[in-house]
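Q: Kindly return the folded structure for what I paste below:
(2 chains)
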Number of protein chains: 2
Amino acid sequence: MENFTAYNPTTLHFGRNVLNQLGLTINRYGKKVLLVYGKGSIKQNGLYDVIKKQLDAIGAEVYEYSGIKSNPIVEDVDAAAAIGRENSVDVVLAVGGGSVIDSAKIISIAIPVEAPAWGFFERKMMPRTAVPLIAVLTLAATGTEMNQFAVLSNLETENKNGYGSPLIYPKHSFLDPQLTTTVPKDYTAYGVADLIAHCLEAYFGKGEDATLSDRFVFSIISEALEYGPALMEDLSNYELRAKIMFAATMALNGMTMFGRASGEWGVHSIGHILSLLYDIPHGASLTIVYPAWLRLHREKLHHRISFLGKNLFGTEDVDTTINRLEGFFRMLDCPVRISDTGAENVNPDEIYRVMVLNKVATFVHKLTEDDYRKIINMML
Amino acid sequence: MENFTAYNPTTLHFGRNVLNQLGLTINRYGKKVLLVYGKGSIKQNGLYDVIKKQLDAIGAEVYEYSGIKSNPIVEDVDAAAAIGRENSVDVVLAVGGGSVIDSAKIISIAIPVEAPAWGFFERKMMPRTAVPLIAVLTLAATGTEMNQFAVLSNLETENKNGYGSPLIYPKHSFLDPQLTTTVPKDYTAYGVADLIAHCLEAYFGKGEDATLSDRFVFSIISEALEYGPALMEDLSNYELRAKIMFAATMALNGMTMFGRASGEWGVHSIGHILSLLYDIPHGASLTIVYPAWLRLHREKLHHRISFLGKNLFGTEDVDTTINRLEGFFRMLDCPVRISDTGAENVNPDEIYRVMVLNKVATFVHKLTEDDYRKIINMML
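A: Down below sits the predicted model:
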């Protein structure tokens, strides 16, 4: 087992009507709140009013930044941070899915500094402090509600990068599965795919004898395999929503990484390129990349893929395992090839160029530029 | 799934030579350190010198309290807290197993108050603050290194009670499996039994449709079933020690309780009585109580015991499942009856009297006084 450090200070409030405690929780940090959200769906579904009622009850002074995009961009972060800075907010309140919370994480460390936030991603500056962040999650998928990571795009430089710091753990995250019952079928499926992908990035990382963490991986993926398809047929089912929401949080809160030296993250790295080029939703990009990535590595990772198959699908055959996983993604109506997405003007050379430009990072199983070409061909 | 709150701020440093970072970690909180340990085995095995070197390197001013008993008592806690209070210590450093760390947790909240610490257990007072606690674990068993619980005995009142508060999470816990390689065979086995029992107390709690937490339970117990016996034959094996140490921490750090409203804790409650009366080590008391408790509840908990058997032993038969668990404890050379312990003058009426006196608490599956008699008979 590899040495590891476990630390996760986020308080998770999970279940029906947990938002009842939102106002009082915010009040512990202050009354000046920067409310960050997306394109306004929370106004249509009534969540905005619920949040405002909680804020009004504590007499909060609220500043808003809305319009965070589903592939979030650093330009929005800078604009929101400026509002927070001008008004010396005490709390950043993020209401939304992974895009909003990821943006809010960077906003929370950008408020105290006067420089563009992309500097964090370029390692040109380090955050020293953060405005406390409280999150209300509306989409089960990325796990950002209980971890120290954020992913943003920079349209100008054509980059989509991840950033991690202990300062960006949310102080509190509120997860009421009722808030996810209106998520449409496609994004529900992408969330299921995303949580599986997160587990696999850990599983294929450095630390193969972390046997208990492997069991955690199988546990979490098994929930997705068992309840994901049922949820597709019954989108408003609270219990099924709760199971997937809980699994998605556990998939990337650190527990699958205990006893490992690093995750793999090659699939995410490539997926980010597809999202950047063709505006493919994050989860959908992963269901395209994973089968290809596994086929690329079928020899080298034979024993790991086989062990995965044994524990998830009852088969030790590598190709059957990959096909079963791909078949599961198909069953969820997720794309497994770029051509499934309807993306136009797909150009393998362009994908290759942007992969090289982004120095597609794999922490463990290195990819050569020849591998880039191979995996692109398998994804088309 | 039941609503739940997840919060665990402890930083766990796990692996070979993690104590190299102990001094620097302490230094973040201050230089006046109350070092708490047991009966001096750390002086014999060299750990004391390692700790002192770390403390010397940061120029720490060290006060010591040693002699914590293996069934820790509140009298020691009060004496140690007095030393901490007189010297205004900045940090409590606990070096030992569950007894030492549990004691140190209560010491950390007793230092700031002028009253006897048993008042916390009697709910006569609430802690408002705690001296930061840093733990170095030398025994894989109780999980106290990453949770908010402590159990102490009060010899005068004949009570052994648990106490919980978010204030008593250790700030940092250092777990180097190398420190456990000298733990003798019997206590190693008790630790394995203890971690299994912790998982089962969660599993038999309130929240049977917490399917992912059930999977975590099976994952953790499976590690114990798979690697526990191998460890008995190879006590100095680092990897096996690491697996059991890691599993013991996960067994009671909260993750098996996500989606449940409460644990059961009936077996622990009865086990504490056996420890109190006959000085039976904690883990050994649990291997006596569990088979009896399961047999007492075999009808009522038929479906849960059967589901446990299916996932751990590949059988859905309830009696086979109980026998397999009891057989596993026997294989570890743990007692499964009070008579196996060599305890003298065992008196069923006395056990009954002290169970009634302690109002043996079961959070979910209530025991009548008639049940007390039945379970005592099964344990003799």
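Q: average pLDDT for the longest strand along chain A?
A: The longest strand of chain A (DSSP state E) is strand A:4-14. Here strand A:4-14 scores 98 as its mean pLDDT.
Q: Ok, stretch A:25-33 next?
A: 98.
Q: CA atoms only for it, dumped as PDB, please.
A: C-alpha atoms of stretch A:25-33 as PDB (Å, rounded to 0.1, in the frame of the first residue of the first chain):
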ATOM      1  CA  THR A  25     -25.300  27.700   8.300                       C
ATOM      2  CA  ILE A  26     -24.500  30.800   6.100                       C
ATOM      3  CA  ASN A  27     -25.100  33.000   9.100                       C
ATOM      4  CA  ARG A  28     -22.200  31.400  10.900                       C
ATOM      5  CA  TYR A  29     -19.800  33.000   8.400                       C
ATOM      6  CA  GLY A  30     -21.500  36.300   7.800                       C
ATOM      7  CA  LYS A  31     -24.300  38.200   6.100                       C
ATOM      8  CA  LYS A  32     -22.700  39.500   2.900                       C
ATOM      9  CA  VAL A  33     -23.200  36.700   0.400                       C
END
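Q: tell me which residues of that stretch are tucked away?
A: A:T25, A:I26, A:N27, A:Y29, A:G30, A:K32, A:V33 (16 or more other C-beta atoms under 10 Å in any protein chain shown). (Each C-beta comes from the backbone N, C-alpha and C, glycine too.)
Q: hang on, the earlier thing: immediately after the longest strand of chain A, which helix or strand?
A: Downstream of strand A:4-14, the next assigned helix or strand under DSSP states H and E is helix A:22-27.
Q: Give the partner strands of the lowest-mean-pLDDT helix or strand in chain A in its sheet and their orientations.
A: Of all helical and strand segments in chain A, the minimum by mean pLDDT, DSSP states H and E falls on strand A:159-164, at a mean of 88. When pairing is defined by DSSP bridges, strand A:159-164 lines up against strand A:149-154 (antiparallel).
Q: Thought A:H365 was touching A:S269, still the case?
A: No. With contact defined as C-beta atoms under 8 Å, A:S269 does not count as touching A:H365 (11.3 Å).
Q: between these two, who's got more neighbours?
A: When A:S269 and A:H365 are compared for neighbours, A:S269 comes out ahead with 22 against 16, by other C-beta atoms under 10 Å in any protein chain shown.
Q: Please parse chain A into its domains.
A: A:11-179, A:185-379 (automatic domain parsing).
Q: Select, out of these, the one closest to B:V360.
A: domain A:11-179 (30.0 Å; C-beta to C-beta).
Q: Tell me how far that closest one lies from the chain's centre.
A: With C-alpha atoms, centre = their mean, to the nearest Å as the basis, domain A:11-179 stands 14 Å off its chain's centre.
Q: can you count the residues close to A:K300?
A: 10.
Q: same thing with A:L231?
A: 24.
Q: thinking it is in contact with A:N237, fair?
A: Yes. Applying C-beta under 8 Å, one finds A:L231 in contact with A:N237, separated by 6.6 Å.
Q: rewinding a little: what's the most distant pair in the buried residues of stretch A:25-33?
A: Of all pairs in these, the most separated under C-beta to C-beta is A:T25 and A:K32 at 15.2 Å.
Q: Now do the same for the spatially most central residue of chain A: helix, strand or coil?
A: Central residue of chain A (C-alpha atoms, centre = their mean): A:T142, 2.4 Å from the mean position. Classification of A:T142 by DSSP: H, G, I helix; E, B strand; the rest coil places it in coil.
Q: who touches it in this structure?
A: Counting by C-beta atoms under 8 Å, 6 or more residues apart in numbering or on different chains, A:T142 touches A:G97, A:G98, A:I101, A:D102, A:D194, A:A248, A:L252, A:H282.
Q: Nearest residue to the fourth one in space, please, no chain neighbours.
A: Of all residues not flanking A:D102 in the chain, A:A150 sits nearest, at 4.0 Å (C-beta to C-beta, 6 or more residues apart in numbering or on different chains).
Q: before we move on, back to that, would JSON lines of the domains of chain A with distance to B:M146 be doable?
A: Supplementary listing: those in JSON lines, determined by distance: least, C-beta to C-beta, whole Å:
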{"stretch": "domain A:11-179", "distance to B:M146": "16"}
{"stretch": "domain A:185-379", "distance to B:M146": "11"}
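Q: To B:V89, which of these lies closest?
A: domain A:11-179 (26.3 Å).
Q: Any idea how far apart the tips of that closest one sit?
A: 19 Å (C-alpha to C-alpha, to the nearest Å).
Q: swap in stretch A:242-261?
A: Using C-alpha to C-alpha, the end-to-end distance of stretch A:242-261 comes out at 31 Å.
Q: now that stretch: mean pLDDT?
A: pLDDT averaged over stretch A:242-261 gives 97.
Q: Who are the packing partners of the helix or strand harbouring A:I134?
A: Using DSSP H and E, A:I134 sits in strand A:133-137. Helices and strands touching strand A:133-137, by 3 or more C-beta pairs under 8 Å, 6 or more residues apart in numbering or on different chains; DSSP states H and E, are helix A:22-27, strand A:91-96, helix A:98-110, strand A:172-175.
Q: Residues in contact with that strand: which ones?
A: Contact partners of strand A:133-137, identified using C-beta under 8 Å, 6+ apart, comprise A:19, A:22, A:25-26, A:29, A:47, A:51, A:91-97, A:101, A:104-105, A:108, A:144-145, A:168-175, A:179-180, A:245.
Q: wait, doesn't A:D234 sit right on A:I244?
A: No. Counting by C-beta under 8 Å, A:D234 does not reach A:I244; the two are 11.6 Å apart.
Q: Which one's more surrounded, the two?
A: A:I244 (25 against 14).
Q: Low-confidence regions, chain A specifically.
A: Applying pLDDT under 70 to chain A flags residues A:361.
Q: Mind listing what's buried along stretch A:333-345?
A: Neighbour-count burial for stretch A:333-345, counted by 16+ other C-beta under 10 Å, picks out A:C334, A:P335, A:V336, A:I338, A:D340, A:T341.
Q: and these as JSON lines, adding distance to chain B and secondary structure?
A: Below are those laid out as JSON lines (distance: C-beta to the nearest C-beta, whole Å; DSSP: H, G, I helix; E, B strand; the rest coil):
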{"residue": "A:C334", "distance to chain B": "22", "secondary structure": "coil"}
{"residue": "A:P335", "distance to chain B": "27", "secondary structure": "coil"}
{"residue": "A:V336", "distance to chain B": "26", "secondary structure": "coil"}
{"residue": "A:I338", "distance to chain B": "33", "secondary structure": "helix"}
{"residue": "A:D340", "distance to chain B": "30", "secondary structure": "helix"}
{"residue": "A:T341", "distance to chain B": "31", "secondary structure": "helix"}
